[in-house]
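1. just a sequence and a predicted model for now, questions to come.
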Amino acid sequence: MGITNRIPGGETSANSKTVMGIRKETIEGILWSLPYLAIFTVFLVWPAVRGLYMSLHTYPNKFDLSQTEWVGLQNYVELFQDPVFWNAMEGTFLFVGISVPLLVVLGLVMALGVNKNVAGKRTLRAIYFSPYVLTVAVVTLVWAQMYSTSFGLVNYYLGFIMENPPGWLTSANLVMPALAFMTVWWLVGFNFVIFLAARQSIPERLYEAAQLDGAYGWRAFKDITLPQMRNSVVFVVMVQFILQFQVFAQPYVMTQGGPQDSSDTLVYYLYRSAFSQQQFGYGAAMGYVLVAILIVIAIINFKVIGDSND
Amino acid sequence: MGRKNAIRETRRKFIKSVGVGGTVALAGCSGGDGGDGGDGGDGSDGGSTGQAGSESYEITFWELFSGGEGPIMESIVKKFNEEQPLDTSAEVTINRQRTPWNEYYNKLFTALSGGEAPDMAVMHGAYLRTWAGGLDPIGEYVDTSSFKSDYTQSHWNLVTVNNNVNALPMDMHPIGVYYNKDLFEQAGLDPESPPTNWSEFKQAGNAVAQNTDSHAFTQSPYNDGFGSFRTWSTWVKQQGGSLYDEEWNPTFDNEAGQNIAQLFKDMTGDMGWAPATSEDTWGNNAFQNGNCAMAMNGTWYVAALSGVEDLNWGFFKPTVGPNKQQDKVWADGHSIVLPKKDSRSDAKSEIAAQVAHWMTTQNPSWGAEAGHLPAANSIYESDAFQNSPYYDKTLSKYVEMAENDKYFYHPKVPNGDPNAQNWYTWLVDIWAHNSEPQEGIQSGIKTVSDGISGN
């Protein structure tokens, strides 16, 4: 097809027929995209537009969402004056600040380790990836038991090396690190797989050439591995920021935001506002603040790590 | 709209004159042709179908029962579908859907605001004011005044909001103290003479704390905010403290509120009755494993305890708070409501109301097996209720408290979610020594008043 199109006057060839002045190829392309575009529109574009509309309104009758009242930016103004919101924001940033670096660095270390010719690397690959197949409900319920102060596995083993192991989910200082650590255990396998695939696609000749120039170890990692894996690093970092900023099920199932609201998060507060307090406008405004945060982080991410077209 | 109201008004008068049988007959008549103010069942919501004289109705019914209660509700629905007990020629089936209780109201609310509510739903009494705008008043379809005598006065009060009855009462589930007789004996107490006042209660708790390796008491087996509130508010009311003023501003930072908050802190502190923890499972595990002597919880706890082997448990009334001025005990109850749904015909609503009446009056198993206080007067005299395995242990004492008007209802707030855990987690924080009592109460006042005002 490509060759045909390059023939001078190819626009008259059989493969470049036009229908009502539009190239057949274009029409085919649109048709192939339609199923996805339809789903994308119904489940993403429309809710996003609707959410923006909701965030600018209140609902005087909570049982009849057809009655709306325009309030402009009032929901946003109230949100920024709401201490619960700021506390949830703090909790979310703490969670993201612990989980995302660990998820990226550990994933990378595990991938580079397995990429070496270590014994049992196939088994290791399966082991590293296996927690990722569990659902969040299973992970949170199991870890709630493991973290239990009185009979949990974690404190059982810690009991051998320390006098009074701490209450992981019952201490205001430890609860977020504990939730973040559990999340790293659960999700790091995904990053590991992405990084391993990226590492394996780096041609070995690059390393051989570098060795001839005397570049080993850290130097080879810095100048060959990392730049070659840049796309996957950008992808993993971005995906993890998006996912971890939406942390919800962990506090919802395990702590209900406690103790002392120290494990409250933005999405958990959004959920409570919209579905428990029936303030859809307020919840929608919070959703949009989250989107704004993620856009800023995406920009920073691309500025700092850059894309491959630099 | 005006015409619809006029028709309803006429129907109410008619219902009053012909009674229940007539109502169902009327429902059957008007259901077939959908000629009822233009909003007749169109089949899309499982409304009436078929020809006159052979109508069928599918009533969608949402409920939240799990644990021991779930299978009992399932059997009640099954019985209805098989026996077709309503006095009507129409075939009526209940399509039951269960949602776990912590998700239930959020889901119901979303369905309601999206116009897709079920025909019939279980609702706690505490929600009847905040949800009033989302409910079809049941009195629009059946003559509730003729039903009133079917229910006990306290249950009728439970579903009465601003002198209106928008729901039919199903049960009441107050709280009490469950205790471990073996641990009482170990502590040198008489297991057959449980505490009846504060000094005996305190003596019992201290004896367990001092003479055994076990904990003395849990304020809620699940160490949750709402469970803690049930216990705390019971003792606050016993001291004469109030929870809200007439404008629904929370007032529980009063002296009684502070005293009981301090008591919570002391129980897990100086008194040594329980560990200062916010861990959610410790109390239930400890009580069921025989490591905790007393647990304050609702009627529903019997279903969980009856499955625990080797647990020799008893029950006493929770009227054991310190400096008691009056006997008051927290209670709430389940009711059945008809959520608003434009696509439901009046005829179908009438059928749903009749189903709710049958469900709440003709099923002794709900009290006898699930352990709740049934709403219908007739059930109290029934053999099934009196022969319940829990009758002597718990039910008879709960009944006694009802007869002596000891219950106060979980506050029916005008807005927000009165059962939301986060309204009351400050109590767990006090219990676990994460907050000082005064600081905890102030944060509770703020959370609850924000929740009610919608901020």
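-> Thanks, I have the structure now. Residues are numbered from 1 along each chain as shown, chains lettered A, B, ... in the order given.
2. what residue is smack in the middle of chain B?
-> Compute the mean C-alpha point of chain B, and by CA atoms, centre = their mean the closest residue is residue B:333, 2.6 Å away.
3. what distance do you get for that residue to chain A?
-> Computed as CB to the nearest CB, to the nearest Å, the residue B:333 to chain A distance reads 21 Å. (Each C-beta comes from the backbone N, C-alpha and C, glycine too.)
4. state the phi and psi torsions of that residue.
-> Dihedral pair for residue B:333: phi -160, psi 170, per degrees, to the nearest 10.
5. residues contacting residue B:137?
-> Shown in contact with residue B:137 (CB atoms under 8 Å, 6 or more residues apart in numbering or on different chains): B:164-166.
6. same check, this time on residue A:55
-> A:75-76, A:281, A:284-285, A:287-288.
7. how does it look with 6 Å?
-> A:75, A:281, A:284-285, A:288 (CB atoms under 6 Å, 6 or more residues apart in numbering or on different chains).
8. pLDDT below threshold where in chain A?
-> A:1-16, A:306-310 (pLDDT under 70).
9. break chain A into its domains for me.
-> Domains of chain A are assigned by automatic domain parsing as A:2-55, A:80-305.
10. need the winner for burial among these.
-> domain A:80-305 (a mean of 18; mean count of other CB atoms under 10 Å in any protein chain shown).
11. next up, phi/psi of the closest residue to residue B:235 other than its chain neighbours, please.
-> Using CB to CB, 6 or more residues apart in numbering or on different chains and skipping residues adjacent in sequence, the residue nearest residue B:235 is residue B:321, 3.4 Å away. Main-chain dihedrals, residue B:321, degrees, to the nearest 10: phi -70, psi 160.
12. for residue B:321, grab the count of nearby residues.
-> 26 (other CB atoms under 10 Å in any protein chain shown).
13. any idea how far it lies from residue A:167?
-> 29 Å (CB to CB, to the nearest Å).
14. with residue A:153 instead?
-> Look at residue A:153 and residue A:167: by CB to CB, they are 14 Å apart.
15. now do the contacts for residue B:230.
-> Contacts of residue B:230 by CB under 6 Å, 6+ apart are B:175, B:330.
16. can you give me the distance of it to chain A?
-> To chain A, residue B:230 is 17 Å away according to CB to the nearest CB.
17. residue B:148: neighbour count?
-> Around residue B:148 there are 12 residues (other CB under 10 Å).
18. chain neighbours aside, what residue packs nearest to it?
-> residue B:156 (5.9 Å).
19. so what touches the longest strand seen in chain B?
-> Counting by DSSP state E, the longest strand found in chain B is strand B:171-180. With contacts defined as CB under 6 Å, 6+ apart, strand B:171-180 is touched by B:155, B:194, B:230, B:293-296, B:298-301, B:313-316, B:318, B:329-331, B:333-334, B:372-375, B:398, B:407.
20. now do the helices in the stretch 151-300 of chain A.
-> A:153-161, A:175-200, A:204-212, A:217-220, A:226-228, A:230-245, A:249-254, A:266-271, A:280-305 (DSSP state H, counting those that start in this stretch).
21. how about the most centrally placed residue in chain A, nearest residue that isn't a chain neighbour?
-> Centroid check for chain A by CA atoms, centre = their mean gives residue A:243 as the closest residue, at 2.4 Å. Excluding its sequence neighbours, the residue lying closest to residue A:243 (CB to CB, 6+ apart) is residue A:187, at 7.4 Å.
22. over to residue B:152?
-> Using CB to CB, 6+ apart, the closest residue to residue B:152 is residue B:377 (5.8 Å).
23. tell me the SS of residue B:206?
-> Three-state call for residue B:206 (DSSP: H, G, I helix; E, B strand; the rest coil): helix.
24. could you pull up the contacting residues of it?
-> Contacts of residue B:206 (CB under 6 Å, 6+ apart): none.
25. mind doing that once more with 8 Å?
-> B:216, B:271.
26. can you show me the CA trace of stretch A:99-117 as PDB?
-> Taking Å, rounded to 0.1, in the frame of the first residue of the first chain, the C-alpha atoms of stretch A:99-117 are listed here in PDB:
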ATOM      1  CA  SER A  99       5.000   5.600  48.200                       C
ATOM      2  CA  VAL A 100       6.000   7.000  44.800                       C
ATOM      3  CA  PRO A 101       9.800   7.200  45.300                       C
ATOM      4  CA  LEU A 102       9.800   3.800  46.800                       C
ATOM      5  CA  LEU A 103       7.700   2.300  44.100                       C
ATOM      6  CA  VAL A 104      10.000   3.700  41.400                       C
ATOM      7  CA  VAL A 105      13.300   3.100  43.000                       C
ATOM      8  CA  LEU A 106      12.500  -0.400  44.300                       C
ATOM      9  CA  GLY A 107      10.900  -1.400  41.000                       C
ATOM     10  CA  LEU A 108      14.100  -0.300  39.200                       C
ATOM     11  CA  VAL A 109      16.400  -2.000  41.600                       C
ATOM     12  CA  MET A 110      14.400  -5.200  41.400                       C
ATOM     13  CA  ALA A 111      14.400  -5.100  37.600                       C
ATOM     14  CA  LEU A 112      18.100  -4.500  37.300                       C
ATOM     15  CA  GLY A 113      18.800  -7.200  39.800                       C
ATOM     16  CA  VAL A 114      16.700  -9.800  38.000                       C
ATOM     17  CA  ASN A 115      18.200  -8.800  34.700                       C
ATOM     18  CA  LYS A 116      21.600 -10.100  35.900                       C
ATOM     19  CA  ASN A 117      22.200 -13.800  35.500                       C
END
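27. contacts made by that stretch with the rest, please.
-> Under CB under 8 Å, 6+ apart, the answer for stretch A:99-117 is A:121, A:124-125, A:128, A:180-181, A:183-184, A:187-188, A:190-196, A:198-200, A:221, A:225, A:233, A:236-237, A:240-241, A:244, A:247.
28. chain A contacts on chain B?
-> B:105-106, B:109-110, B:112-114, B:131, B:133-134, B:224-225, B:275, B:277-282, B:285, B:340, B:416-417, B:420-422, B:425, B:428-429, B:432, B:434-435, B:450-451, B:454-455 (CB under 8 Å from any CB of the partner chain).
29. and the gap between residue B:403 and chain A?
-> Counting by CB to the nearest CB - residue B:403 and chain A are separated by 36 Å.
30. what about that residue, distance to residue B:123?
-> Distance of residue B:403 to residue B:123, given as CB to CB: 25 Å.
31. about what we covered before: quick check, pLDDT for the residue nearest to the centre of chain B.
-> Residue B:333 carries a pLDDT value of 96.
32. follow-up on the earlier one: mark which of the residues of chain B next to chain A are buried, thanks.
-> B:105-106, B:109-110, B:112-113, B:131, B:134, B:224-225, B:275, B:277-282, B:285, B:340, B:416-417, B:420-422, B:425, B:428-429, B:432, B:434-435, B:450-451 (16 or more other CB atoms under 10 Å in any protein chain shown).
33. heading C-terminal from the lowest-mean-pLDDT helix or strand in chain B, find the next helix or strand.
-> Using mean pLDDT, DSSP states H and E, the weakest-scoring helix or strand in chain B turns out to be helix B:2-33, at a mean of 41. Next helix or strand after helix B:2-33 toward the C-terminus (DSSP states H and E): strand B:56-63.
34. quick one: average pLDDT of that following strand?
-> Rounded mean pLDDT across strand B:56-63 is 96.
35. with just CA atoms, put that strand into PDB.
-> What follows is strand B:56-63, C-alpha atoms only, in PDB (Å, rounded to 0.1, in the frame of the first residue of the first chain):
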ATOM      1  CA  SER B  56     -48.400  -9.100  38.600                       C
ATOM      2  CA  TYR B  57     -46.100  -6.800  40.500                       C
ATOM      3  CA  GLU B  58     -42.400  -7.100  41.200                       C
ATOM      4  CA  ILE B  59     -41.500  -5.100  44.200                       C
ATOM      5  CA  THR B  60     -37.800  -4.300  44.400                       C
ATOM      6  CA  PHE B  61     -36.700  -4.300  48.000                       C
ATOM      7  CA  TRP B  62     -33.300  -3.100  49.200                       C
ATOM      8  CA  GLU B  63     -32.000  -4.200  52.600                       C
END
